[in-house]
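In: Got a predicted structure plus its sequence, pasted below:
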Amino acid sequence: VQLQESGRGLLKPSQTLSLTCTVSGVSISTPYKYWSWIRRPPEKELEWVGAIAYTGSSFYNTSLKSRTTISRDTSENQFTLHLSSVTPEDTAVYFCVSKENTVMAGPNNEWDYWGQGIQVTVSS
């Protein structure tokens, strides 16, 4: 299984961040698999952003929910993160990850699979 992030890496404040994760080796519709976005801001811990389930249901970090949408394209086996109205505080390395049977990986971030990560910088 491989996950690969893609998208713009440099944004200005108020723009919308859009990142796509292309999955190979397994269908994103496979039962009981959950597909998440997490991020690591500079010098901070990993933060879960949100997820989309094999059913298409989505789940969001409460603190980001008003700005976040996660969607999927099953024909392309991709899922996409949209984060609106970005600020410099959204600067981070963003990872797409997956976990089976549960949305969250727990405090130790024991995700089953990781993408390599993509740097997103928000700066005027």
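Out: Yes, it's here. Residues are numbered from 1 along each chain as shown.
In: what residues are up against K33?
Out: Shown in contact with K33 (Cβ atoms under 8 Å, 6 or more residues apart in numbering): 26, 53-54, 98-100. For the C-beta atoms, the positions are set from N, CA and C on the backbone; glycine is no exception.
In: Most neighbours out of those, which is it?
Out: Counting neighbours by other Cβ atoms under 10 Å, S98 leads those with 23 neighbours.
In: Once you drop chain neighbours, what's closest to that one?
Out: Distances taken as Cβ to Cβ, 6 or more residues apart in numbering place Y113 nearest to S98, at 4.7 Å, with adjacent residues excluded.
In: and that neighbour, what does it touch?
Out: Neighbour list for Y113: 1-3, 97-98 [criterion: Cβ under 8 Å, 6+ apart].
In: And S18, by the same measure?
Out: 7-8, 80-82.
In: Between those residues, which sits nearest S63?
Out: Comparing the contacts of S18 against S63 with Cβ to Cβ places L81 closest, at 15.1 Å.
In: mind checking how far the closest one is from P31?
Out: To P31, L81 is 23 Å away according to Cβ to Cβ, to the nearest Å.
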